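# predicted coordinates and the sequence they were generated for:
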Amino acid sequence: MTIGDVVGELRDGMTIGIGGWGSRRKPMALVRAIGRAGLRDLTVVTYGGPDVGLLIAYGCVRRVVTGFVSLDSIALEPYFCRARQAGAIELTEYDEGMLYWGLLAAANRLPFLPIRAGLGSDVLRVNPSLRTIRSPYPDDTELVAVPALTLDAALVHLNRADRQGNARYLGPDPYFDDLFCLAARRRYVSCERLVSTAELMESGPPQGLLLNRMMVDGVVETPHGAHFTSCVPDYDRDESFQREYATADWDRFRSAYLDGDEESYQKAVAAR
Amino acid sequence: MTRADVCVVACAEAWRGDGAVLASPTGLIPRLGARLAQLTFAPGLLLTDGEATLLRDDAVEGWLPYRAVFGVVAAGTRHVMMGASQIDRFGNQNISCIGDWSRPARQLLGVRGAPGNTVSHATSYWVPRHAPRVFVPRVDMVSGVGHDRGAIEIRVVVTNLAVLDFATPDRSMRLRSVHPGVTVAEVETATGFPLTIPSDVPFTREPSSAELDLLRERLDPDGLREKEIR
């Protein structure tokens, strides 16, 4: 597939899960393309980083479902913070473990999963639709029933993949990318390098093969496609570019880097 | 010996006696404290590099990706030291936002793992600037829960001025010690609710010369810890 093919499968109002974590291994080439395509009213489910900020800056987002939004080395995501302070977006704020459990429930086709996280906290106050449940066993424990976070589409970025959708990460952390795929109706993987199945098998240990072709509907090669988030060992976070993103005027930043296609973005990044 | 050195050792002391649990510090001074504890009186502690690698004496000893941390949380074999933008007398903490949640005056990080942490395992806090706007009668968004809302154990709150704990009958906040050079009155003025003050408040333990050597020569030779408190 091409980046355009993937974005062409997405629609206004969809619930889209985005893999990675904070400012780490985010499918930014796909995120940039969603912004350019001008999709609207998206619900974004994510361990939030600049994916959230960029989509908000483009006006694509109605609701964010998350436990945090951060750029890691820059604690607060400027576009997310501004949008919250302006009342411009809706938020479903969960504990990080609740987000995990919601994806796990969807992946297992369960309506909910019980968890301790959230009990006693204002997460229950600000999400009035959340329910608790009592254990049916003699312990009678009260737990939070985290509803399944079923996704219309999942977008994840892996280091290596083949054309069929088998894919591996080469860095230290899988994050929750397999769960995002399992929780979604349509699953799209961008990758640093598209390789043959044989080369994919040789490029690391079998347990690094996070995704298989049952879990994936489309693959697109996007070299440097996680930029400016980290995609180790292929590259680290581009800290100076992230600082520019976080501090620049949006219109100036967009015209300098984003108004063309992904290729021109990468050229503009390389030339700066 | 500087105030930052005292704070590092006070943070380290939070993990004393914990055994083989995952120490999860947030911020430089708690991180230095956890590493100091692991190198000295709490060798059983597990520590990550901030990502997925477990380190002991700067050598890799294991793998702990994010998803596995939630298993550790549920198992209760973890003692986290988080920050707090606001904290109240029962240890309810806020790192989510300031003001009305529906449209906050200041959006912060979000609740992160604080709700789950506090109902699952020991939690401590680090506040680099002890002030009434942090120590508030009521937090705006309960992220980490306090003892009146079901916390397992809020162990200590370490600040630039003092160490506070919850060794009171109703498990509300008590002044445990003041750092050398700080008065009890200063701590009371900087706290926006009444603290339990014992009749005799000791000074926070001073770092030993061995601890100072480790800090200066190995853990933080550039003295970055001095910049975390003002």
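Received, thanks.

# tally of neighbours for residue B:76?
The number of residues packed near residue B:76 is 13, by other CB atoms under 10 Å in any protein chain shown. In short, each C-beta sits where N, CA and C put it, glycine included.

# now do the contacts for it.
Counting by CB atoms under 8 Å, 6 or more residues apart in numbering or on different chains, residue B:76 touches B:120, B:121, B:152.

# quick check, the second one in contact with residue B:79.
Yes: under the criterion of CB atoms under 8 Å, residue B:121 lies in contact with residue B:79, with a separation of 6.4 Å.

# the two: which has the busier surroundings?
Each of residue B:121 and residue B:79 has its neighbours counted (other CB under 10 Å); residue B:79 has more, 24 against 21.

# so what sits opposite the more buried one in the bridge?
Judged by DSSP bridges, the bridge partners of residue B:79 are residue B:23, residue B:122.

# cool, and the one 4 residues further on?
On DSSP bridges, the residues paired with residue B:83 through beta bridges are residue B:126.

# that one: neighbour count?
21.

# returning to what we had before: got any residues that touch both of residue B:121 and residue B:79?
Taking CB under 8 Å, 6+ apart as the criterion, residue B:121 and residue B:79 both touch residue B:21.

# element containing residue A:264, please.
helix A:262-271 (DSSP states H and E).

# for chain A, what are the nearby residues on chain B?
B:51-53, B:63, B:65-67, B:70, B:73-74, B:96-97, B:101-116, B:118-120, B:141-145, B:149-151 (CB under 8 Å from any CB of the partner chain).

# just checking, which of those belong to helices?
Among those, DSSP state H puts B:66, B:67, B:70, B:73, B:74, B:114, B:115, B:116, B:118 in helices.

# just put those in CSV and tack on pLDDT and neighbour count.
Below are these laid out as CSV (pLDDT from 0 to 100; neighbours: other CB atoms under 10 Å in any protein chain shown):
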residue, pLDDT, neighbour count
B:66, 97, 19
B:67, 96, 17
B:70, 97, 20
B:73, 98, 25
B:74, 97, 16
B:114, 98, 31
B:115, 98, 34
B:116, 98, 31
B:118, 98, 33
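
# mind listing what the residue in chain A sticking out farthest from the centre touches?
No residue in chain A sits farther from the centre than residue A:138, which is 39.3 Å out by CA atoms, centre = their mean. By CB under 8 Å, 6+ apart, no residues touch residue A:138.

# can you check residue A:221 too?
A:161, A:190, A:191, A:192, A:193, A:194 are the contacts of residue A:221 under CB under 8 Å, 6+ apart.

# was I right to think the last one contacts residue A:161?
Yes: assessed by CB under 8 Å, residue A:194 is found in contact with residue A:161 at 6.1 Å.

# pick out the residue of the stretch 1-150 of chain A closest to chain B.
Using CB to the nearest CB, residue A:117 is the residue of the stretch 1-150 of chain A that sits closest to chain B, at 3.0 Å.

# check the secondary structure at that residue for me.
With DSSP: H, G, I helix; E, B strand; the rest coil as the basis, the three-state label of residue A:117 is coil.

# which residues touch stretch B:6-14?
Residues from elsewhere that reach stretch B:6-14 (CB under 8 Å, 6+ apart): B:25, B:29-30, B:32-34, B:36-37, B:40-42, B:79, B:81, B:124, B:126, B:155-156, B:158-160, B:163, B:177, B:179-180, B:204-207, B:211, B:215, B:225, B:229.

# quick one: which of those residues sit in helices?
Counting by DSSP H, the contacts of stretch B:6-14 place B:29, B:30, B:32, B:33, B:34, B:36, B:37, B:211 in helices.

# spell out which parts of the stretch 151-272 of chain A neighbour chain B.
A:172, A:173, A:174, A:175, A:176.

# ok, and the most crowded of the residues you listed?
Highest neighbour count within these, by other CB under 10 Å: residue A:176, with 26 neighbours.

# which ones are touching it?
A:19, A:21, A:47, A:100, A:103, B:66, B:67.

# what sits up against the helix holding residue A:264?
Applying CB under 8 Å, 6+ apart, the contact partners of helix A:262-271 are A:3, A:29, A:32-33, A:222-225, A:227-228, A:238, A:241, A:256-258, A:260.

# one more pass at 7 Å, please.
A:3, A:29, A:32, A:33, A:222, A:224, A:227, A:241, A:256, A:257, A:258 (CB atoms under 7 Å, 6 or more residues apart in numbering or on different chains).

# quick one, helices of the stretch 1-150 of chain A?
Using DSSP state H, counting those that start in this stretch, the helices of the stretch 1-150 of chain A run over residues A:3-8, A:28-37, A:50-57, A:78-85, A:96-107, A:123-126.

# mind checking which of those helices is nearest residue B:193?
helix A:123-126 (21.2 Å; CB to CB).

# avg pLDDT for that closest one?
Model confidence over helix A:123-126, given as mean pLDDT, is 98.

# give the buried residues for that helix.
Neighbour-count burial for helix A:123-126, counted by 16 or more other CB atoms under 10 Å in any protein chain shown, picks out A:123, A:124, A:126.

# can you lay out those residues as CSV showing distance to chain B?
Output for the buried residues of helix A:123-126, formatted as CSV (distance: CB to the nearest CB, whole Å):
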residue, distance to chain B
A:123, 5
A:124, 9
A:126, 5
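
# list just the nearest of those residues to residue B:219.
Nearest to residue B:219 out of the buried residues of helix A:123-126 is residue A:123 (CB to CB; 35.6 Å).

# please name the nearest non-neighbouring residue to that closest one.
Among residues not flanking residue A:123 along the chain, residue B:115 sits closest, at 5.4 Å (CB to CB, 6 or more residues apart in numbering or on different chains).

# would you confirm that the one you found contacts residue A:96?
No: contact criterion CB atoms under 7 Å: residue B:115 and residue A:96 do not qualify, at 9.0 Å.

# ok, which stretches of chain B are strands?
Taking DSSP state E, the strands of chain B run over residues B:22-25, B:47-48, B:53-56, B:59-63, B:78-83, B:86-87, B:93-94, B:97-98, B:106-107, B:122-127, B:153-159, B:162-165, B:174-178.

# residue A:54: which of those strands is closest?
strand B:106-107 (16.8 Å).

# now do the closest one: distance to the chain's middle.
A distance of 22 Å separates the C-alpha centroid of strand B:106-107 from that of its chain, computed with CA atoms, centre = their mean, to the nearest Å.

# please identify the pairing partners of it and their relative orientation?
Looking at strand B:106-107 with DSSP bridges, its partner strands are strand B:97-98 (antiparallel).

# how far away is the closest residue to chain A within chain B from residue B:43?
Ranked by CB to the nearest CB, the top residue of chain B for proximity to chain A is residue B:116, at 3.0 Å. Using CB to CB, to the nearest Å, residue B:116 is found at 27 Å from residue B:43.

# same question for residue B:156.
In terms of CB to CB, residue B:156 sits 20 Å off from residue B:43.

# between the two, point out the one with more neighbours.
Neighbour totals were compared for residue B:156 and residue B:43, and residue B:156 leads with 23 against 12 (other CB under 10 Å).

# my guess is the more buried one meets residue B:166, correct?
No: taking contacts as CB under 7 Å, residue B:156 lies outside contact range of residue B:166: 8.3 Å.

# residue contacts, residue B:2?
Residue B:2 makes contact with residue B:226 under the criterion CB under 7 Å, 6+ apart.

# now do residue B:33
Applying CB under 7 Å, 6+ apart to residue B:33 gives the contacts B:8, B:11, B:12, B:25.

# what pLDDT is listed against it?
98.

# and residue B:58, by the same measure?
Reading off the model, residue B:58 has pLDDT 86.
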